[in-house]
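**Student:** Need a 3D model of the following:
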Amino acid sequence: VQLQASGGGLVQAGDSLRLSCAASGGTFSYYDVGWFRQGPGKEREFVALISRSEGITYYSDSVKGRFTISRDNAKNTVYLQMNSLKPEDTAVYSCAAKLYDTYAYWGQGTQVTVSS
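**Tutor:** Below is the predicted model:
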């Protein structure tokens, strides 16, 4: 499975962005999909996860209530709607497909920069 994240950009605090993670080369619906981010000088951190079929979602405390993860298996795409963005959300955002307990496939990230 190949993943490609897109939709990043430069926005102001309080703005919204929607990231997309498009998959190809496999049966996307087999995988849970997660979003991660890595800010400048920081370690990569978990942002959100959506399960493969039931659409059960999980969020980190830092984004809960502001970000929404969703998926459209017919389009092989997972989305991350990010609202009320803060400067501390500035990071490279990447998506990954999870098989069993391992994030087996990673996409290239997309840069999100939030100015104050």
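**Student:** hmm, who's touching the helix or strand of the chain with the lowest mean pLDDT?
**Tutor:** Least confident helix or strand, the chain: strand 102-106 with a mean of 92, by mean pLDDT, DSSP states H and E. Contact with strand 102-106 is made by 1, 2, 3, 26, 31, 34, 94, 95, 96, 97, 98, 99, as judged by C-beta atoms under 8 Å, 6 or more residues apart in numbering. Where you see a C-beta, it was placed from the backbone N, CA and C, and this is true even at glycine.
**Student:** Let's see that with 6 Å instead.
**Tutor:** 1, 3, 96, 97 (C-beta atoms under 6 Å, 6 or more residues apart in numbering).
**Student:** Dump the residues you listed to JSON lines, plus distance to residue 90, pLDDT and secondary structure.
**Tutor:** As requested, the contacts of strand 102-106 are exported to JSON lines (distance: C-beta to C-beta, whole Å; pLDDT from 0 to 100; DSSP: H, G, I helix; E, B strand; the rest coil):
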{"residue": "1", "distance to residue 90": "28", "pLDDT": "89", "secondary structure": "coil"}
{"residue": "3", "distance to residue 90": "22", "pLDDT": "95", "secondary structure": "strand"}
{"residue": "96", "distance to residue 90": "20", "pLDDT": "97", "secondary structure": "strand"}
{"residue": "97", "distance to residue 90": "25", "pLDDT": "95", "secondary structure": "strand"}
